[in-house]
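Peer 1: Need a 3D model of the following:
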Amino acid sequence: MLPIITIDGPAGSGKSTLCRLLADRLGLECLDTGAMYRAVAWALREQRAVPLSGEPLLTVLRSLELEIKGVGDRQRVQVG
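Peer 2: Numbering: from 1, shown residues only. Next up is the predicted model:
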C-alpha cells in the first residue's frame, strides 16, 4: 500500500510546492484536493443546487463527473 501524506496550510503557504518536491523525491503523486473542492462548489453553483442538504445534495453530488488530468506538473479538475 502506498503511503498517503497530507499537507495543510493557508493559501500561499507553499503547499503545492512542497507536494511536488515530496512527490518527486518519494516517487509519489500529488492530489490537489482544494481544486477538487472548488470544482464541486462551482458545479453546485452552476446547477443552482445551493443551499441543498441531505438527500437532495447527495443526489446532485452523485450525478457529478469529475476528471483529474495532469497538465505538466499541475492538475486540472474538469467537471463534465
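Peer 1: And the protein, split by domain according to the record?
Peer 2: Using automatic domain parsing, the domain ranges for the chain come out as 1-30, 32-79.
Peer 1: okay, and for the protein, where does confidence drop off?
Peer 2: For the chain, applying pLDDT under 70 flags the ranges 49-50.
Peer 1: Could you pull out the strands in it for me?
Peer 2: 66-71, 74-79 (DSSP state E).
Peer 1: L61 contacts V40, doesn't it?
Peer 2: Yes - contact criterion CB atoms under 8 Å: L61 and V40 qualify, at 7.2 Å. (Each C-beta comes from the backbone N, C-alpha and C, glycine too.)
Peer 1: Would you mind telling me which of these two has the busier surroundings?
Peer 2: V40 (16 against 13; other CB atoms under 10 Å).
Peer 1: which residue packs closest to that one, ignoring adjacent ones?
Peer 2: L64 (6.6 Å; CB to CB, 6 or more residues apart in numbering).
Peer 1: For the one you found, give me its contacts.
Peer 2: For L64, the contact set (CB atoms under 8 Å, 6 or more residues apart in numbering) comprises V40, A43, V79.
Peer 1: ditto for E29
Peer 2: Counting by CB under 8 Å, 6+ apart, E29 touches A23.
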